[in-house]
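The following block contains a protein sequence and its predicted model.
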Amino acid sequence: MKPESNIVITGFMGTGKSTAGQLVAAQLNRPFLDTDAEIEKRVGKTIPQIFADEGEAAFRHIERRMCRFLAAQEGYVISTGGGMLVDEGNREVMLSSGLVVCLSATPEILLQRLQADKAERPLLRGDWRGLLEKRRPAYEAIPCQIDTTGKTAEAVATEIIALWNNSLSA
Ligand code: S3P
């Protein structure tokens, strides 16, 4: 990686991408971007509103464009929506823009973390365990992985920074 490459944090809903991303950004003194927040700003609607009014396919279309736009920026810490890098094209775009780190956790931990958030995450109303299984190969295709089970956000951020420092000296 080059010093100006992005650091991209991805993984299923509830793996702690945004919290860890914000900590990494603060520690490395870099700007932080959350792809869902950027989409909400651009469209002028919340994610559940976009799903309800326009459907998931329209959301994925917006997400693909946002992925390409953000990948063209430099020096950011970017947390993606949980489905963004399930798409192979999006994954390749982000992998070539910087270090991509995929966070995971056991379904039990995810359930605990997600129970409070159903209103914000339309896909949690369906079979989210089935979705997690279906997506597993796409997440596993990302070379850098961190299992966050039993770890604090601070510990996860420290691991991400260690991966980043290694990638710079490689
Ligand atoms: C989604 C994850 C959400 C958001 C949207 C779809 C997904 O982001 O992009 O609800 O497909 O996994 P978080 O992972 O930040 O909850």
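Yep, that arrived.

The nearest residue to residue 138 once chain neighbours are set aside: neighbour count?
Leaving aside its chain neighbours, residue 138 sits nearest to residue 86 (4.3 Å; criterion: CB to CB, 6 or more residues apart in numbering). Every C-beta, even on glycine, is put in place using the N, C-alpha and C of the backbone. Counted with other CB atoms under 10 Å, residues neighbouring residue 86 total 21.

Which pLDDT value goes with residue 86?
Looking at residue 86, its pLDDT is 98.

list the contacts for it?
By CB atoms under 8 Å, 6 or more residues apart in numbering, residue 86 lies in contact with 135, 138, 139.

Just the buried residues of those residues.
Among the contacts of residue 86, those that count as buried by neighbour count (16 or more other CB atoms under 10 Å) are 135, 138, 139.

where exactly do the helices run in this structure?
17-28, 35-43, 47-54, 56-71, 88-95, 107-114, 128-140, 153-169 (DSSP state H).

Any residues of the protein in contact with the ligand? List them.
Residues of the chain lying close to the ligand (CB under 6 Å from any ligand atom) are 13, 36, 47, 81, 82, 83, 121, 122, 123.

roughly how far apart are the nearest residue to the fifth one once chain neighbours are set aside and residue 135?
Ranked by CB to CB, 6+ apart and with sequence neighbours excluded, the top spatial neighbour of residue 82 is residue 13, at 4.3 Å. In this structure, residue 13 lies at 10 Å from residue 135, with CB to CB, to the nearest Å as the measure.

what do you get for residue 80?
Relative to residue 135, and taking CB to CB, residue 80 is found at 13 Å.

And for residue 111?
To residue 135, residue 111 is 16 Å away according to CB to CB.
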